[in-house]
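In: would you be able to build a 3D model of this:
(2 chains)
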Amino acid sequence: MILRLQMPKFGEEMRDGTIHRLLASPGARLDRGTPLLEVRVDLSAIAEQNCSPISIFRVVAAESGWLRTVQVTEGDRRSVGGTLATIAERPDDQQELDEGEVPTRPLRVSVATVLSGRHENSSGIGAK
Amino acid sequence: MRRLKLFAKGNVDVHDSLIYSRVNGRIQWNGLNTLLAESHPGLVARVRHEPCARWDLTGIGLGEIPDELITRALPLGSFALETQYQSQLLEHDADVVVLSIQSDITNRLWRHRRDGYQFFAPALEEWRPQDRIWLEENFSQLNRTSPEAAMNNLSSLVSKIRARSNPSILVYNTSAVVPGEAIVTYRGLEDALSTRIRAFNLALIETAATLDVSVVDVDHAIARAGADRVKLDTWHYIRDGYRLLAAEVVRILEALGHLDT
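Out: As a prediction, this is how the structure comes out:
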């Protein structure tokens, strides 16, 4: 069975997110707790202020699988629900989806805000 | 009209709750005096504010701004060199000093490899490439501070304040509820920001008791009101959230006798 990793909705106001860091590559074995990627969420469009409302969320797998395809690169922006990657439940699952076939369900994930290693001082808090 | 003098050294939490919060160019919350006007019409708070890079970089007793930093003219935004090295905290004869743990939770400092001084370098993506190269070549980025180290720095800061005067000291903790967080297990998320916030909040309780300073319990006030209702993200609140924080400050000031007529 092929699963999809989709852009999670981190809060009511979020409309889209930007891929901040990719943490896994195609072919990688995923276990519960494997970091997949980090997403930068900037709510300035709805609440612009001096100290920008920017958060970095890390998405980690909450179930096992094999990462088949990654459909984004760092810096890409995707809407909530957009497909970011596909995951096979078993290593021998077919390598390509047939035309018109869609992944069956979203991959189960855990998400939390982190102080990311990249530009972290700009992703936390500011002042006035 | 009686004036209560506050010196707030902190970032978005203390500024936006005590002074004002502006969103999309409009003031959404007008600060502590909004509440005082309702409850204590004969009293006005004069709040002086400075950003805080971190408690161990408060600019107290650190001396002059390093020449190398002055000549670089770096885009430091709110964290101008004066606020990092020449704080007015001890020069301002305040009735109340307000601090916050926010900057110690998030901010990492850089140390000059040759001269040893420390420096906060915010918003690196806005720096010129040559300045980022200069930073990497001349400075080492330090690890995040631990709760224990941060509390030692708070103790040191409180000692310096009390060596000169005896204001009431209030310290904001931070709401650990992060909108959007959904954790199944903590594997892979051992460094979740909400966990770090909780560790700092716990450490602050112990230190505040030892130092006899007041904790502005942001975590409690926000949780009681419903974090999803008043928080925009980890650090930002809507109007009602900032009002809750300011109300908590008013409650403590009242209990300490600062609002007595």
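
In: please count neighbours and contacts with C-alpha atoms only from this point.
Out: Noted.

In: find the least confident helix or strand in chain A, judged by mean pLDDT.
Out: Ranking every helix and strand in chain A by mean pLDDT, DSSP states H and E puts helix A:120-123 at the bottom, with a mean of 43.

In: and the closest residue to chain A within chain B, how far from B:D219?
Out: Relative to chain A, the nearest point of chain B is B:G180 (3.8 Å; CA to the nearest CA). Distance, B:G180 to B:D219, using CA to CA, to the nearest Å: 17 Å.

In: quick one: contacts for the residue in chain A that chain B sits nearest to?
Out: Of all residues in chain A, A:F10 sits closest to chain B, at 3.8 Å by CA to the nearest CA. By CA atoms under 8 Å, 6 or more residues apart in numbering or on different chains, the contact list for A:F10 reads B:179-181.

In: same check on A:G82?
Out: Contacts of A:G82 (CA under 8 Å, 6+ apart): A:6-7.

In: and it, backbone torsions?
Out: With angles defined as degrees, to the nearest 10, A:G82 sits at phi -70, psi 150.

In: cool, A:R90 as well?
Out: phi -130, psi 150.

In: what is the neighbour count of it?
Out: The number of residues packed near A:R90 is 14, by other CA atoms under 10 Å in any protein chain shown.

In: residues contacting the residue nearest to it when sequence neighbours are not counted?
Out: Spatially, and ignoring its direct neighbours in sequence, A:R90 is nearest to A:G65 (6.2 Å; CA to CA, 6 or more residues apart in numbering or on different chains). Neighbouring residues of A:G65 by CA under 8 Å, 6+ apart: A:29-31, A:87-91.

In: for B:L135, same thing?
Out: Not one residue lies near B:L135 by CA under 8 Å, 6+ apart.

In: what does the one 10 residues further on give?
Out: For B:T145, the set of contacting residues under the criterion of CA under 8 Å, 6+ apart consists of B:104-105, B:108.

In: for chain A, what are the nearby residues on the stretch 101-250 of chain B?
Out: B:102-103, B:106-108, B:121-125, B:178-189, B:191-194, B:232-236 (CA under 8 Å from any CA of the partner chain).

In: those residues, buried ones only, as a ChimeraX selection?
Out: Applying 16 or more other CA atoms under 10 Å in any protein chain shown to these leaves a buried subset, and the ChimeraX line that selects it is:
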select /B:102,103,106,107,108,121,122,123,124,178,179,180,181,183,184,185,186,187,188,189,192,193,194,232,233,234,235,236
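
In: taking the residues of the stretch 101-250 of chain B next to chain A one by one, which sit in helices?
Out: Assigned to helices by DSSP state H, the following of these qualify: B:102-103, B:106, B:193-194.

In: widest-spaced pair of those?
Out: B:S103 and B:S194 (14.5 Å; CA to CA).

In: where along the stretch 101-250 of chain B do the helices fall?
Out: For the stretch 101-250 of chain B, helices defined by DSSP state H, counting those that start in this stretch occupy the ranges B:102-106, B:129-138, B:147-164, B:193-211, B:218-225, B:227-230, B:239-255.

In: how about residues contacting the first one?
Out: Meaning helix B:102-106. Here helix B:102-106 has contacts from A:115, A:121, A:124-125, B:10-11, B:13, B:52-55, B:144-145, B:150, B:173-174, B:196-197, B:200, using CA under 8 Å, 6+ apart.

In: which of the residues you listed are buried?
Out: Applying 16+ other CA under 10 Å to the contacts of helix B:102-106 flags A:115, A:121, A:124-125, B:10-11, B:13, B:52-55, B:145, B:150, B:173-174, B:196-197, B:200 as buried.

In: what sits closest to A:F57 if chain neighbours are left out?
Out: Closest residue to A:F57 apart from its sequence neighbours, by CA to CA, 6+ apart: A:T113 at 4.3 Å.

In: try A:D93
Out: A:M1 (6.6 Å).

In: the one you found contacts A:E89, correct?
Out: Yes: between A:M1 and A:E89 there is a contact under CA atoms under 8 Å: 5.6 Å.

In: which one's more surrounded, those two?
Out: The neighbour count for A:M1 versus A:E89, taken as other CA under 10 Å, is higher for A:E89 (19 against 13).

In: per-residue confidence at the more buried one?
Out: On the pLDDT scale, A:E89 is placed at 88.

In: got the contact list for it?
Out: A:1-3, A:64-66.

In: turn these into a markdown table, including distance to B:Y20, secondary structure and pLDDT.
Out: Listed next are the contacts of A:E89 as a markdown table, based on distance: CA to CA, whole Å; DSSP: H, G, I helix; E, B strand; the rest coil; pLDDT from 0 to 100:
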| residue | distance to B:Y20 | secondary structure | pLDDT |
| --- | --- | --- | --- |
| A:M1 | 53 | coil | 83 |
| A:I2 | 50 | strand | 90 |
| A:L3 | 47 | strand | 93 |
| A:S64 | 48 | coil | 96 |
| A:G65 | 49 | strand | 95 |
| A:W66 | 50 | strand | 95 |
